[in-house]
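Q: fold the stuff below for me.
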Amino acid sequence: MTLVAAFRCQQGGILLCADREENDGYAKREVDKIYRIGEFVPCQVFIAGSGPGNIIRLANEEIHESMKSSAKNGENVFVEHRSIIEQALNAIYVKFAKILKLEPMNLIVVVAPRDSGINPLLYQTDTSVLIPESFYVAHGSGKIVADYLSDRLYRPYQNGRLDKGMIGLVAAFILREAEHSGIGVGMGFDMVFIHENNKSLHFIPPKYVEEIQAGASSLETAVHGYWKDHVTIPEWLAKTTLA
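A: Here you go, the predicted model:
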């Protein structure tokens, strides 16, 4: 019951997004679903997940502690990030196998190297395995709507024709439509631009995501407004009856 999504940006950065609703079937509460691991010299790591909330939190902590241990032992955590993260996830899947068989966990992982000239790496998980993704990924109960709209509003322009502002608007629009169409998606959204055009981070909290969304027409208004002046209706369709 959630929606997490990531979009590759024009300059090679990543826009990572997550809703804030956690629902256990009895009650819901507002949580920050973007987990940041930022104290290491070679890279930063960002994780957003869908699935059982408590196990996702434990997975985040397990990955964090594993990276700390590796760094303490002198390993380059950027060079070794895949094996470190996959080993940590494997431990979680062994420990919680029964729960995760009934309620799958899917993570989006962004590994952002601090060295200039290297863009952030984007992954999704398949159980404990990191699967590289080039441009876009989404998970959660809002995935179907997000994938559909992304295929039409984002993917046709992923070769660089959408600047940072437009990608932010498209993503906020997709999140809003998924929230309106899905169950368990809501209570606001967090967004963060990770190393877009430089090595900075641009965190966008829920109230500012709402401001972006307020600047975009609803789906029905956008479609009907365009159709009013740009579609052709066959004459026979407008007739009351056909001969």
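Q: just the mean pLDDT for the biggest helix by length in the chain, thanks.
A: If you go by DSSP state H, the chain has its longest helix at helix 53-72. Per-residue pLDDT values over helix 53-72 give a mean of 97.
Q: okay, and for the chain, where does confidence drop off?
A: For the chain, the stretches with pLDDT under 70 are 1, 25, 159-160, 182, 184, 241-243.
Q: hang on, residue 4 is in a helix, isn't it?
A: No - assignment of residue 4 by DSSP: H, G, I helix; E, B strand; the rest coil gives strand, placing it outside any helix.
Q: any idea how far it is from residue 97?
A: Counting by CB to CB, to the nearest Å, the separation of residue 4 from residue 97 is 23 Å. Heads up, the C-betas are built off the backbone N, CA and C, glycines and all.
Q: looking at these two, which one has more neighbours?
A: Set residue 4 next to residue 97 and count neighbours by other CB atoms under 10 Å: residue 4 wins out with 28 against 10.
Q: how far away is the nearest residue to residue 162 once chain neighbours are set aside from residue 164?
A: For residue 162, ignoring the flanking residues on the chain, the nearest one in space by CB to CB, 6 or more residues apart in numbering is residue 10 at 6.1 Å. Per CB to CB, residue 10 is found 7 Å from residue 164.
Q: now do the shared contacts for these two.
A: Counting by CB atoms under 8 Å, 6 or more residues apart in numbering, the residues touching both residue 10 and residue 164 are residue 196.
Q: next, the buried residues of the host helix or strand of residue 177.
A: Per DSSP states H and E: residue 177 is located in helix 164-181. The neighbour-count check on helix 164-181 (16 or more other CB atoms under 10 Å) flags 164, 167-179, 181 as buried.
Q: who's in contact with the helix or strand following it?
A: Later in the chain than helix 164-181, the nearest helix or strand by DSSP H and E is strand 189-194. Defining contact as CB under 8 Å, 6+ apart, one finds that strand 189-194 is touched by 9, 13-20, 32-34, 44, 46, 110, 112, 120, 164, 168, 171-172, 175, 179, 201-206, 209.
Q: strands paired with strand 189-194, and their directions?
A: Partners of strand 189-194 in the sheet, by DSSP bridges, are strand 14-19 (antiparallel), strand 201-204 (antiparallel).
Q: hey, which of these is tucked in deepest?
A: Of all the strands paired with strand 189-194, strand 14-19 has the most neighbours on average by mean count of other CB atoms under 10 Å, namely a mean of 27.
Q: can you map out the helices along the chain?
A: For the chain, applying DSSP H gives helices covering 53-72, 81-95, 97-102, 143-153, 164-181, 206-214, 219-230, 235-238.
Q: how near is residue 53 to residue 32?
A: 11 Å.
Q: same deal with residue 72?
A: Taking CB to CB, one finds residue 72 at 27 Å from residue 32.
Q: ok, now residue 127?
A: For residue 127, the distance to residue 32 - CB to CB - is 25 Å.
Q: next one: residue 166
A: To residue 32, residue 166 is 26 Å away according to CB to CB.
Q: again with residue 110
A: 16 Å.
Q: more neighbours, these two?
A: residue 110 (24 against 12).
Q: residue contacts, the more buried one?
A: Residue 110 neighbours (CB under 8 Å, 6+ apart): 6, 14, 16, 45, 46, 47, 120, 121, 122, 123, 194.
Q: for the nearest residue to the fourth one once chain neighbours are set aside, give me its contacts.
A: Closest residue to residue 45 apart from its sequence neighbours, by CB to CB, 6+ apart: residue 37 at 4.1 Å. Residue 37 is in contact with 44, 45, 46, 47, 63, 64, 67, counting by CB under 8 Å, 6+ apart.
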